[in-house]
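1. Need the 3D shape of this:
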Amino acid sequence: MNIRIDSNFNFLVTSIQYFPNGELFISLTSEENQSENRYQYEAALGSGQAEEKPTISLLQYAKSFASSADIKPKTKDTYRLMCNHLEAYGDSTIDRVTTAYLQDFIQYLQSQGLKPGSVRLYFQKLACVLHDAYKNDLFDDRILQRVKRPKREQEKKSFLSETELKKLTKHQLSEKYNNIQNMFLFSCMTGLRFSDVRGLQWKEVKHNGKHLQLEFHQQKTDTHERLPLCAEAEALLRGQKRGGEYVFKEESNQKVNVVLKRWCREARIKKNVSFHIARHSFCVLLLTKEVPIYTVQQLMCHSDIGTTKVYADLLNKTKAKALKKMPVIWNPTWATTG
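-> Numbers count the residues shown, from 1 in each chain. Down below sits the predicted model:
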């Protein structure tokens, strides 16, 4: 088989490897660039032709992938930050990416003082880039599968108990904060995230017989959901004035959290509260009422039952803590005596 390379440079062949599957690897060096570069050719047996596979920068491929129109602006920011770390760590061509290279990238991220969740997130985005390269026949996905990924940090989840929620409703703030208070209580009764509550439109509130349900697009997971409502959530919706296409007036997350902290202080609830605690509270309330965990998973719109089990474990710890407050009503030493 003859292979011809047209170039303005003089090349020196340093090694040739030919495989039965038709792949030919030729290592070349040039007088202009003494560092060895590998040029990969794929050739069919006896065809007499070879097609060069270009070496592609991982960093440039990642930037190109992140600029895709299918990726949301907020996610593009995450890819941009990942690319900044990749550039600081050291770029490579995709064909030279190894398991060791990826493992070292994780260690580099950890050495930068990033939170475990951020390390996981940035590596996850790089993995998405490499998986796309695999689909384009540029990368061996088995390399990625052998990487020992950072473990998911167990997030400490806070929630408001049924008693604490009742205290909030009894100590409501002035009328000008009604919109924020209603948004928070609605989230406590539905488990919706802040983005979904703020973006909820009246056209997404549907009638299901005598009752109401939500048919909405969940922003975080980019999925369409159908969610039935409890009686209190229905009553809150029916009490909302229709002043436009959105159920609740637009509020910034920062302002909402400031108001919630003030609301809890006035209700004498000593917890560090943010809007997301409403979602946690909804889940724990369902579990305390002995709703089956798989039903809770569906109501929370969790794709993975493991995410829901985190709340069940939290509830078990709360129960164990409560039992420690049981009074001593007799001396149990008799049970251990002969």
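2. so how far is residue 98 from residue 124?
-> Residue 124 sits 19 Å away from residue 98, going by Cβ to Cβ, to the nearest Å. No exception for glycine: its C-beta is placed from N, CA and C like everyone else's.
3. ugh, wrong one, residue 83
-> As judged by Cβ to Cβ, residue 83 and residue 98 stand 20 Å apart.
4. If you count surrounding residues, which of the two has more?
-> residue 83 (22 against 13; other Cβ atoms under 10 Å).
5. show me what contacts that one?
-> Residue 83 makes contacts with 59, 62-63, 66, as judged by Cβ atoms under 8 Å, 6 or more residues apart in numbering.
6. distance of the residue positioned nearest the centre of the chain from residue 273?
-> Centroid-nearest residue in the chain: residue 121, 7.2 Å away (criterion: Cα atoms, centre = their mean). Using Cβ to Cβ, residue 121 is found at 25 Å from residue 273.
7. Which member of the contacts of residue 83 is positioned nearest residue 114?
-> residue 62 (17.8 Å; Cβ to Cβ).
8. how about the nearest residue to the closest one, chain neighbours excluded?
-> Distances taken as Cβ to Cβ, 6 or more residues apart in numbering put residue 129 closest to residue 62, at 4.5 Å, once the chain neighbours are dropped.
9. Equivalent analysis for residue 269, please.
-> Spatial nearest neighbour of residue 269, chain neighbours left out: residue 164 (5.2 Å); criterion: Cβ to Cβ, 6+ apart.
10. Show residues contacting the helix or strand where that neighbour lies.
-> In the assignment (DSSP states H and E), residue 164 maps to helix 162-170. For helix 162-170, contacts defined as Cβ under 8 Å, 6+ apart pick out 160, 185, 188, 263-264, 267-269, 271, 281, 285, 288.
11. CA atoms only: put it into CSV for me.
-> Provided in CSV are the C-alpha atoms of helix 162-170 (Å, rounded to 0.1, in the frame of the first residue of the first chain):
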residue,chain,number,x,y,z
GLU,A,162,-45.5,21.3,60.4
THR,A,163,-45.5,23.2,63.7
GLU,A,164,-43.1,25.8,62.4
LEU,A,165,-45.1,26.3,59.2
LYS,A,166,-48.2,26.9,61.3
LYS,A,167,-46.2,29.5,63.3
LEU,A,168,-45.3,31.3,60.1
THR,A,169,-49.0,31.5,58.9
LYS,A,170,-49.9,33.0,62.3
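12. Would you mark the buried spots in that helix?
-> 164-165, 167-168 (16 or more other Cβ atoms under 10 Å).
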